[in-house]
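1. Take this sequence and fold it.
(one chain, ligands or ions: 1)
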Amino acid sequence: MNILITGGAGFVCSHLADTLFDKKHDLILLDNLLTGNKKNVEHLLNHKNVKFIKHDVQDHIEISEEIDFIFHFASAASPIAYQENPVNTLKAGSIGTINTLGLAKVKNADYLLASTSEIYGDPEISPQSEDYWGNVNPNGERSMYDEAKRFAEAATATYSRTYNLQTKIVRIFNTYGPRMQLNDGRVVTNFIVQALNGKDITIYGDGSQTRSFSYVQDTVNGIVALMESEHNEVFNIGNPIEITINELASKIIELTNSNSKLINKDLPQDDPKQRKPDISKAKTLLNWEPKVRLEDGLTKTIDWVSSQL
Ligand code: UDP
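-> Okay, here's the model as predicted:
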């Protein structure tokens, strides 16, 4: 297939591109390089069947090639990155989604939207299943991301119903692994960098908030399973093993043999207290589940971060 990936030079998409390349698809990677990095996909770019286009999805997208499948992933995605680029994030999720859906319509392409566990906001139920509508502050400090993604879901569903497009939505939960940006404030990279440098580990709040961390190849395998399935619906993709941020810090200190101490800092506004995906739908219908243990995934990530420092 000819596949377009917006956000193609980003952390998750670079691994997605590797997997699709191995499956012999032709790829167009489109990225404005705001938070993506061409280095992530450099190894693919000297192949004839991979093309890179520097472009921002909020601007009209013109592609001469036939396109069979579009992945719309372009967006800043870490809280620090989307709060530093608030308007771009809002536009990537809204105008960028409309532009890529319009392109899918013109090209008669199938479409997969990268949504997020953030559309559940600060969830009142745990675990979160696809039929939970969420608890989101519509104008809070995360709203340029989570409300834009909620709009993106609405736009995808509307185009699908109105124009009979084949669309899929993946709600991606916290994902980590090699090629994460080291300075975008995410907890896994922050803690690893701090631990390797012997700096204090910054726990926001009391560290009792939870997240569920999925190794990037597990996440990508789930996304590809959805792409290859006949299901044009919403799926959670993530690892259901939930841990507190304090436990994550202890694990990283242990795995890096670090002497770093834990310190507490203010909890950011609207920081979700818990997050844990219910993945029964993906297990049943996509025959997918995560396989990589947190310790193993963290070890690979620690090795990669060490090589970058
Ligand atoms: N966090 C932390 N210390 C850090 C960075 C993040 O305690 O140095 C916390 C943050 O407040 C949140 C969790 O770790 O509760 C996950 O944060 P991240 O930014 O990775 O992603 P989120 O799941 O909030 O989008």
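2. Name the residues of stretch 236-248 that come out as buried.
-> Buried residues in stretch 236-248, defined by neighbour count with 16 or more other CB atoms under 10 Å: N236, I237, G238, N239, P240, E242, I243, T244, I245, N246, L248. C-beta here means a position set from N, CA and C on the backbone, and glycine is covered the same way.
3. quick one: the strands in the stretch 1-150 of the chain?
-> 2-6, 26-31, 50-54, 69-72, 110-116 (DSSP state E, counting those that start in this stretch).
4. how deep is the residue of the stretch 201-309 of the chain found nearest the ligand tucked in, by neighbour count?
-> Nearest to the ligand, among the residues of the stretch 201-309 of the chain, is Y204, at 3.5 Å (CB to the nearest ligand atom). Here the count is done by other CB atoms under 10 Å, and Y204 has 15 residues near it.
5. Okay, and the beta partners of it?
-> K265 (DSSP bridges).
6. Distance check, it against F11.
-> Distance, Y204 to F11, using CB to CB, to the nearest Å: 21 Å.
7. Which ones among the buried residues of stretch 236-248 also lie next to the ligand?
-> I245 (CB under 6 Å from any ligand atom).
8. Taking the buried residues of stretch 236-248 together, which two end up most distant?
-> Maximum pairwise distance among the buried residues of stretch 236-248 (CB to CB): 25.6 Å, between I237 and N246.
9. got a list of what the residue of the stretch 201-309 of the chain closest to the ligand touches?
-> Neighbour list for Y204: I245, N264, K265, D266, L267, P268, D271 [criterion: CB atoms under 8 Å, 6 or more residues apart in numbering].
10. again, only using 10 Å
-> Taking CB atoms under 10 Å, 6 or more residues apart in numbering as the criterion, Y204 is in contact with V187, N190, I245, N264, K265, D266, L267, P268, D271.
11. filter these to the buried ones?
-> In the contacts of Y204, the ones that pass as buried (16+ other CB under 10 Å) are V187, N190, I245.
12. and this structure, which of its residues are near the ligand?
-> Near the ligand, when you scan the chain using CB under 6 Å from any ligand atom, you find 78-79, 174, 185-187, 190, 202-204, 209, 211, 245, 267-268, 271.
13. Give me the subset of those lying in helices.
-> P79, V187, N190, I245 (DSSP state H).
14. Surely the second one touches A249?
-> Yes: in terms of CB atoms under 10 Å, V187 counts as a neighbour of A249; the distance is 8.7 Å.
15. Quickly list what's touching both of these two.
-> Common neighbours of V187 and A249 (CB under 10 Å, 6+ apart) are I201, T202, I203.
16. Near the last one, how many other residues are there?
-> Think I203. I203 is flanked by 21 other residues according to other CB under 10 Å.
17. cool, and G8?
-> When neighbours are counted by other CB under 10 Å, G8 comes out with 28.
18. Which residue comes closest to it once chain neighbours are left out?
-> Excluding the flanking residues, the one nearest G8 by CB to CB, 6 or more residues apart in numbering is L29, at 2.7 Å.
19. wait, the one you found sits on T6?
-> Yes: between L29 and T6 there is a contact under CB under 10 Å: 8.6 Å.
20. so what's in contact with these two at the same time?
-> By CB under 10 Å, 6+ apart, the residues touching both L29 and T6 are C13, G36, I53, F71.
21. Mark which of those residues are buried, thanks.
-> If we count by 16+ other CB under 10 Å, these have these buried: C13, G36, F71.
22. would CSV of those residues with distance to S307 and pLDDT be doable?
-> Shown next, in CSV, are the buried ones among the shared contacts of L29 and T6 (distance: CB to CB, whole Å; pLDDT from 0 to 100):
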residue, distance to S307, pLDDT
C13, 21, 98
G36, 20, 97
F71, 28, 98
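23. Tell me the helices and strands packed up against whichever strand or helix holds M227.
-> Taking DSSP states H and E as the definition, M227 sits inside helix 216-228. Under the contact definition 3 or more CB pairs under 10 Å, 6 or more residues apart in numbering; DSSP states H and E, helix 216-228 sits against helix 11-22, strand 69-72, strand 110-116, strand 167-172, strand 175-176, strand 214-215, strand 234-237, helix 294-308.
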